[in-house]
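**Q** requesting a structural model of the entry that follows:
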Amino acid sequence: MLRLALQSKGKKVILFAFLAFIAPSFFGMKATATSNQAFATETDKSDAQTVASSETVKEEEQKEVDRIVAQTLPSVTTPSTTDPGSIFPQDPAIQFQQNPASPVAPQAIPTQPAAPIENGRPTSLPQNSNSKVRIEVTPVGDPRVQADGRSTIKLQGQITDDKGQLLLEDLMVTLTSSAGKFVGADQDKDQGGFQVRAIGGEFTATLQSDIKPQQVKIRAAVEKIKTRSAVGGSASLSPQIKPGNLSFPQQTDTSLLDKVGESPIEAYTQVEFTTYLRPSLATGIVNLRIGPGGTDYWGSFRDFLNPDKLGGTQVDLTAAVFATGKVGDWLFTGAFNSERPINQDCEGRNRLFGGIQFCEQQYPVYGDSSTFTSTTPSIDSFYARFERSSSIPGADPDYVMWGDYNTQEFARASQLYTATSRQLHGFKANYNFGPFQITGLYANNIEGFQRDTIVPNGLSGNYFLSKRLLVPGSETVYLEAEEINRPGTVIERQQLFRGPDYEIDYDRGTLLFRRPILATELNPFGATLVRRIVITYQNEGGQDSTLYGGRLQYNISQELENKSFVGASFLQEDQGSQDFQLFGTDFLVSLGNVGKIVGEYARSNGTLVNGQDFNGSAYRLEAFGKLGDSLLGQAYYRAVEPNFTNNSTFSFTPGQTRYGASVLAKLTNTTSFTVGYDFEENYGTTAVGLNSLLGFFDLFDPQPQARPGETVNNTLKTFRAGILQRFGTADMSLEYVNRSREDRISNRFSGDADQLVSRLKFPLTQSLTFQGQNELNLGNSDPLYPNRTTLGLDWKAYPGVTLRLAHQFYDDSSLIPGNSITTLDTILDRKLSEDTSLIGRYSVLSAFNGLQGQGAVGLNHRWAVAPGLRVNVGYEYIFKNIFNGTAAGSQFGQYYAVGQTASSLGLFSGSVYSVGLEYTDNPQFQASTRFEYRDGDEGNNLVISAAAAGKLSPALTALVRYQQAGEANVFLPSTVGVIAEGVRFQELGDTSNLKLGLAYRDPSSDKFNALLKYEWRQNYDSIPETQLTGSTATGHIFSAEAIYAPDWRWEFYGKYALRNGVTFFDGDRYDADVNLAQLRATYRLGYRTDLAVEGRWIGQTSNSGTNYNEFGIAVESGYYLTPDLRVGLGYSFGSVDDRDFTGYRSEGGIYLNISLKLNELLGGFGLQKPVPKQQEESEVQPTAQVQPNASKSELINSLKQSQQQAVKPDTSNSEISKLLAKIRIKKEPQMNTDKH
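**A** So this is what the prediction gives:
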């Protein structure tokens, strides 16, 4: 019935066929979502974070301690609010908070106990509800906590057997969260995620909030305990549906088979970081300067002695202000800078969301492990945001803002063709009223938008994009995978982030990843996948444009396990000569752990740069779930018309329709049966490759959309049926597959083929598994599916890390020549790779923070061969080039594809070797090294990286890093029409960089601080466009600066920098040296008066005669009329000698400077009221430091004696407090956490 309903290229509705398939999910089926259960353990009421002590406490002594403490420290009860249903404190803006039973010291203000969880919210969602062993996790008390970066929420969980009894065995539980960070002792830092120990079947953990209000998903899993997901054992079929906003996976005829296997027991829960309605705060400065024009020595360097500003009197009034605080029920955050964009740094970089990479830091290391977070990102001079947490549980926050933002509301789990994933600047608003949610956005500062797709070649870089001069911060990077030789359906998709995953050179347009990325993924028990890197970004060479968008969503359910909604979205982008519109509707219906249904319709309209119009639609309807206790089914329908386009979402193939259905039935506990049908039709137009005459010119001037090429029109019908059998610990399957193709243009793909697919998965040891798959054609061979054999060994090197050695070989077919592929790949658990606390391991106290450390030495390798020592190895060998083409069109040897033409990319033959080591176990030292080499048909490439950083002494921090990488994907076809061979741009050469940094910061004295840097660079500006000139560039950079303050009156500062550059261009050599020297002295005559003098010199010498000298000096004295108002009078003078351009010029004069520090805005907003002096917080020290040789019995006796003496009038309260502190130390297990 499905087939009859879907024969007309996706234009007929298949609603009735779908209803027939999914009806059992609505009628007669009962969701088996499990509600939370009460835990037997009593909540820990201690006022400090605790972890299990390494020393076992005797039961008698522990009871005695508890009794004495109970007598000495009376319990404190907290009154409840008048509203028993409230889940917020009375005034959340007073102090930071923690949820009830949180192990952080309680506030002095009373708060109400948490309201009971009603209707199963928030619910833990065990993924294997009928398994013998189950795990549950849930927040203790209130599931909401303030997003202030300090508040915490306590989680507790339990592991039970099939009878509901707690497991007595101690187990390690892995926790991950989508936001925030877990605090306390990580029991295994080398393993991905945060590890806690479950003792007696129970475990607790504490999650600390960040500063962004949001819904947070938390996962708890036990890697040691595996469960069968779809076949075998006593477990019933489970769809393994993960909660959250992850995109709904695209189904194929083999999707059900991919779910067969073992997975760790796991459970999910959800908490919320709510808006922190903090007390108001305002700070800023207003400055008035009156003086000769062009003589502002303390201002911007480009304005000092600027020929256009010299002469006359100049009056400059500038202001910079930041304010935040509670306004009614809303939190206001705003910033304004009249002189520069808010995101602009001292180097003049102004990028979306601000921030700099490690490779862009002025100094490699600063001797400081502090971190910063941009709260007002804006690429212009203004930022404002009003925000509040919605009163609707589970809803997104309400807000209205102007500044930098992303588009997560336009990329829901139900959206594929209507999704938009961009980094933008402008206006955005989101508001919830009842079940409705409306979102609107406007972006007024957009330059040219481009989408590139690159096939990785097994190395980490450098990967050149199609454009140069990218708009910094505008990029989004994804790693996608789809079945080889069958484009159009993305099987896996993972977003990568700048810093943790890659570095980017915005000027050259290059990406360098933290780890090598292989081109293929051989799955011996499934489909062979090909990986692609997808990058969307803005570039400065494009046309300016504006963008409008809106979305209306009706939320049927906000519950974690039943997230359901219906939405409609609209987006319009005006790109000057090009226009683009995208609109559509989508829905997601969740049926608990029974299944899900998703649907979508999208329509795009637009005009290309050549004036040609394009209009097209896309459709999607998919269902997946259980059709009974022993039946798992799916059905899907996706259709994309040839002229539909959307470059801000998943990769797809325009002009393709695909639909099908499959069922997996469990016949016995060890036997399952599967049957499925799939139909695919391609009727679009392929892209012109760069090897063609027209496409060659697009190499250096690519268009947003590829040029149209040949037309395709073919169909593929696939029927498959098979048996899955489990023998002991081994899995076996035998499947019959029939493929029937029809090519309506050239008969190139026409034919009918039968195939037997046999699979075997056999554990050799507990950690080593053999897998094999054989695809044998019976008679004629399918053009794209010849006889193929895949063999593999999976070694579980570490929890969450699998090392896979796989080899595949296949015979000739009418389209594909025989070939073989060998890979050695490190496979990471996707759920662990999404851990938000990964960068924490790269921090060294008082040296550098985790983000800086990861940028310097982090390789993100997860295979731990020893404590703190991680390794990654990789190998890939492709025997022959793969440019055979597919049913979607031809493939070409090109280093990128634009728009939605990823199917036109083929694979070059070659071998790749990679090995990486990383050491982080020493708290004072970290190091890493990486070596990668490719010998390919298109050329060779080498990547070398080595870095070390740490403390040479308590005051001296050092860092050294060397990095070398060639061009990973730059090549051209040798002749027009030849796609199998290519010639690389060897003239580009490898890009090399050596950095050495030293930082001196004495933690015991702040009188003297110093920074030093040396850097050597080579070919740091080479790009494909300059390969014909044969130019190379080498540079040396040295800089050092220091500040010395012998007392509070005197302060001295000095800096010197040298840059030497050598460029070879067309056989000629050009040398240039640039020097900078700067000195400053400041003297404070008193608390109100100061005097400062500073001078600097910048000079350039070159063998080409382009010499330059600039000198400047300024003297200023200031007087504070009030602590916030300063009046300064000074003299500045400068001169420039630039004989090649403007000649000699000089200017100087007296100026007046008036500065006002802002402490409040209108109405007293932001004014900080003085508070009484608070009692100093006590510091908990290790027991050995308090009383090294004292036993617990001695401390108990000492406390008893103190209690007996307490009745005497001369007993000191301080002595009792000291004894009570000792008891607390003995009662609480000692923490073994790193201080940050």
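
**Q** domain parsing for this protein?
**A** Domains of the chain are assigned by automatic domain parsing as 1-26+396-430+548-664+675-683, 31-51+96-238+257-277, 447-542+688-712+724-1020.

**Q** I'd say residue 1076 and residue 1056 touch.
**A** Yes - proximity of residue 1076 to residue 1056 meets the contact threshold set by Cβ atoms under 8 Å, at 6.8 Å. Backbone N, C-alpha and C define where each C-beta goes, glycine included.

**Q** what's near enough to touch residue 794?
**A** Residue 794 makes contacts with 768-769, 771, 802-804, as judged by Cβ atoms under 8 Å, 6 or more residues apart in numbering.

**Q** looks to me like it is in a strand.
**A** Yes - assessed with DSSP: H, G, I helix; E, B strand; the rest coil, residue 794 lies in a strand.

**Q** picking up where we left off before, give me the subset of the contacts of residue 794 lying in strands.
**A** Of the contacts of residue 794, the ones assigned to strands by DSSP state E are 768-769, 771, 802-804.

**Q** mind listing what's buried along the helix or strand harbouring residue 582?
**A** In the assignment (DSSP states H and E), residue 582 maps to strand 578-590. Buried residues in strand 578-590, counted by 16 or more other Cβ atoms under 10 Å: 578, 580-590.

**Q** try stretch 360-376
**A** 361, 363-369, 376.

**Q** ditto for stretch 320-339
**A** Counting neighbours by 16+ other Cβ under 10 Å, stretch 320-339 gives 320-326, 330-337 as buried.

**Q** how about the buried residues of stretch 360-376 in JSON lines, adding secondary structure, distance to residue 522 and pLDDT?
**A** Formatted as JSON lines, the buried residues of stretch 360-376 follow (DSSP: H, G, I helix; E, B strand; the rest coil; distance: Cβ to Cβ, whole Å; pLDDT from 0 to 100):
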{"residue": "361", "secondary structure": "coil", "distance to residue 522": "40", "pLDDT": "80"}
{"residue": "363", "secondary structure": "coil", "distance to residue 522": "44", "pLDDT": "83"}
{"residue": "364", "secondary structure": "coil", "distance to residue 522": "39", "pLDDT": "82"}
{"residue": "365", "secondary structure": "coil", "distance to residue 522": "41", "pLDDT": "84"}
{"residue": "366", "secondary structure": "coil", "distance to residue 522": "45", "pLDDT": "83"}
{"residue": "367", "secondary structure": "coil", "distance to residue 522": "47", "pLDDT": "79"}
{"residue": "368", "secondary structure": "coil", "distance to residue 522": "46", "pLDDT": "80"}
{"residue": "369", "secondary structure": "coil", "distance to residue 522": "42", "pLDDT": "75"}
{"residue": "376", "secondary structure": "coil", "distance to residue 522": "48", "pLDDT": "94"}
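
**Q** residue 703 and residue 448, how far apart?
**A** 10 Å (Cβ to Cβ, to the nearest Å).

**Q** neighbour count for the two, which is higher?
**A** residue 448 (21 against 14; other Cβ atoms under 10 Å).

**Q** contact partners for that one?
**A** 467, 538-543, 545, 575, 704.

**Q** how far away from the center of its chain is the strand holding residue 582?
**A** Centre-to-centre, strand 578-590 and its host chain are 25 Å apart (Cα atoms, centre = their mean, to the nearest Å).

**Q** I'd like the next helix or strand past it.
**A** Counting by DSSP H and E, the next helix or strand C-terminal to strand 578-590 is strand 595-607.

**Q** residue nearest the centroid of this protein?
**A** Nearest to the mean C-alpha position of the chain, by Cα atoms, centre = their mean, lies residue 497 at 4.4 Å.

**Q** relative to residue 516, how far out is that residue?
**A** In this view, residue 497 and residue 516 are 18 Å apart by Cβ to Cβ.

**Q** what of residue 1040?
**A** Distance, residue 1040 to residue 516, using Cβ to Cβ: 36 Å.

**Q** same deal with residue 305?
**A** In terms of Cβ to Cβ, residue 305 sits 49 Å off from residue 516.

**Q** so which of the two has more stuff around it?
**A** Each of residue 305 and residue 516 has its neighbours counted (other Cβ under 10 Å); residue 516 has more, 28 against 25.

**Q** residues in contact with the helix or strand encompassing residue 737?
**A** For residue 737, the host element (DSSP H and E) is strand 730-743. With contacts defined as Cβ under 8 Å, 6+ apart, strand 730-743 is touched by 231-232, 257, 260-261, 525, 674, 713-726, 749-763, 782-783, 785, 887.
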